[in-house]
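# this is a predicted model, with the sequence first.
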Amino acid sequence: MEKGTVPISVRNLSVAYHRKPVLRDVSFETPEGKLIGIVGPNGAGKSTLIKSILGLLPLTSGQVRIYGKRYEKQRSIVGYVPQRESVDWDFPTDVLDVVLMGRYGRLGWLKRPGKADKEFALACLEKVGMAGYAHRQISQLSGGQQQRVFLARALAQDARIYLMDEPFAGVDAATEKAIIKVLNELKGQGKTVMVVHHDLQTVREYFDWLLLLNIRPIAFGPTSRVFTADNLQKTYGGRLTALPQVADPVYTG
């Protein structure tokens, strides 16, 4: 990595669908080795931001840099967990093969995974509690199990940065606990994890830093400073009917 560069730098980023702005003038730089939440109402552009960082959507303006370079040059160090609903779970493949897909960024598509890659993939499945399902067809898994498999695939990539789009959506409590444990382990290894999240009740517990987003960035910084009643009201407006635990002085001070 280039000395002095940050994991993710976004400058003046704007995105539009059919001329309608979806993101406007988004700028931030992430610290390294932190768990960073992206929070905002439906239609705020949270998933669009993740896809824009990954180069999956054209930008109207602005730029994204990963450790000072374009994403295309840093693809192998960025792991991605998409929304579960965006995946074709009827595709005829088993769990181990899905996780091994995470190794191709390092191997190249023409080289087949070897014994060491399979052992690494199985170790990733073990971390998310899915080692016993390695040869199960993905269509036979529950929603929570599918999400664990996609997390294992991202772990198999052995990336420096992880971008995750609603990894906790629709999963059971045990799966959510398992996922946040893995995310904290990644943070402990100095890796940067950015997560689209919707549950305000767990924001303070889960994330070190927070981006509040509603087409434009409302606030970005340490969660203890950013997660306030005033900022939440600016982010959600009339769509926020309750401010959970906002009376806590950590939020309002």
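All right, it came through fine.

# what's the host helix or strand of Thr48 packed up against?
For Thr48, the host element (DSSP states H and E) is helix 46-53. Contact analysis of helix 46-53 by 3 or more Cβ pairs under 8 Å, 6 or more residues apart in numbering; DSSP states H and E lists strand 8-17, strand 20-29, strand 35-39, strand 61-66, strand 161-165, strand 192-196 as its packing neighbours. In this view, the C-beta of every residue, glycine as well, is placed from N, C-alpha and C.

# state the mean pLDDT of whichever helix or strand comes after the last one.
In this case it means strand 192-196. Next along the chain after strand 192-196, taking DSSP H and E as the criterion, comes helix 203-206. Averaging pLDDT along helix 203-206 gives 96.

# one step back: just the CA atoms of the helix holding Thr48, as PDB, please.
The C-alpha atoms that make up helix 46-53 are tabulated as PDB, following Å, rounded to 0.1, in the frame of the first residue of the first chain:
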ATOM      1  CA  LYS A  46     -26.700   3.500   0.600                       C
ATOM      2  CA  SER A  47     -26.500   0.500  -1.700                       C
ATOM      3  CA  THR A  48     -25.800   2.800  -4.600                       C
ATOM      4  CA  LEU A  49     -22.800   4.200  -2.700                       C
ATOM      5  CA  ILE A  50     -21.400   0.700  -2.200                       C
ATOM      6  CA  LYS A  51     -21.800  -0.200  -5.800                       C
ATOM      7  CA  SER A  52     -20.300   3.100  -6.900                       C
ATOM      8  CA  ILE A  53     -17.200   2.400  -4.800                       C
END
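
# what angle sits between it and strand 161-165?
Angle between the axes of helix 46-53 and strand 161-165 is 150 degrees (criterion: axes from the mean of the first three to the mean of the last three Cα atoms, to 10 degrees).
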